[in-house]
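S.K.: any chance you could fold what I've pasted below:
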Amino acid sequence: FYLQLFYRKSSVDLQRLDAVSRTPLQQLLAEAVEASVTIRAFGVHDSFDQRFLQAVDKNTQSLLAWTTSQRWIGLRLDLYAAAVATFAAIMIACLRRRLGLTPAFSGMLMIWS
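M.R.: Sure thing, here's the model as predicted:
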């Protein structure tokens, strides 16, 4: 529960940063398409390229941070699932004879864990 609350707060902010950094990128791309003839005529394509690359870098940074947070939560959840499955396997192995569990029922319990 704590993990979910911690992740949710940061995920919303990281998605917002991604959306905010994507807006200038889309604006520059639309501007380049509409003004391509003018940009070539005045020879300012180098400065325009620099602005575009800076916008791409900022967007890539925020997208990388968001993707990293996705992988962070995924790893934590996978570790929790592995711990639960390991605990269930140990309990089934230790208590199988005492509870009279058949191999089929033990396998079903492992699948449910």
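
S.K.: and the longest helix along the chain, what's its mean pLDDT?
M.R.: In the chain, assigned by DSSP state H, the helix with the most residues is helix 45-99. What helix 45-99 shows for mean pLDDT is 91.

S.K.: can you tell me what sits against whichever strand or helix holds Ser106?
M.R.: Ser106 belongs to helix 103-112 when assigned by DSSP states H and E. Contact with helix 103-112 is made by 85, 88-89, 92, 96, 101, as judged by C-beta atoms under 8 Å, 6 or more residues apart in numbering. (Each C-beta comes from the backbone N, C-alpha and C, glycine too.)

S.K.: selecting buried members of the residues you listed in PyMOL, what would you type?
M.R.: Buried residues among the contacts of helix 103-112 (16 or more other C-beta atoms under 10 Å), as a PyMOL selection:
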select buried, resi 88+92+101
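
S.K.: let's have the contacts of helix 103-112 in JSON lines, adding distance to Ile111.
M.R.: Output for these, formatted as JSON lines (distance: C-beta to C-beta, whole Å):
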{"residue": "Ala85", "distance to Ile111": "10"}
{"residue": "Ala88", "distance to Ile111": "10"}
{"residue": "Ala89", "distance to Ile111": "11"}
{"residue": "Ile92", "distance to Ile111": "11"}
{"residue": "Arg96", "distance to Ile111": "16"}
{"residue": "Leu101", "distance to Ile111": "14"}
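
S.K.: looking at the contacts of helix 103-112, which one is closest to Leu29?
M.R.: Nearest to Leu29, judged by C-beta to C-beta, of those is Ala85 at 46.9 Å.

S.K.: skipping adjacent residues, who's closest to Ala89 in space?
M.R.: Of all residues not flanking Ala89 in the chain, Met110 sits nearest, at 6.2 Å (C-beta to C-beta, 6 or more residues apart in numbering).

S.K.: much appreciated, bye for now.
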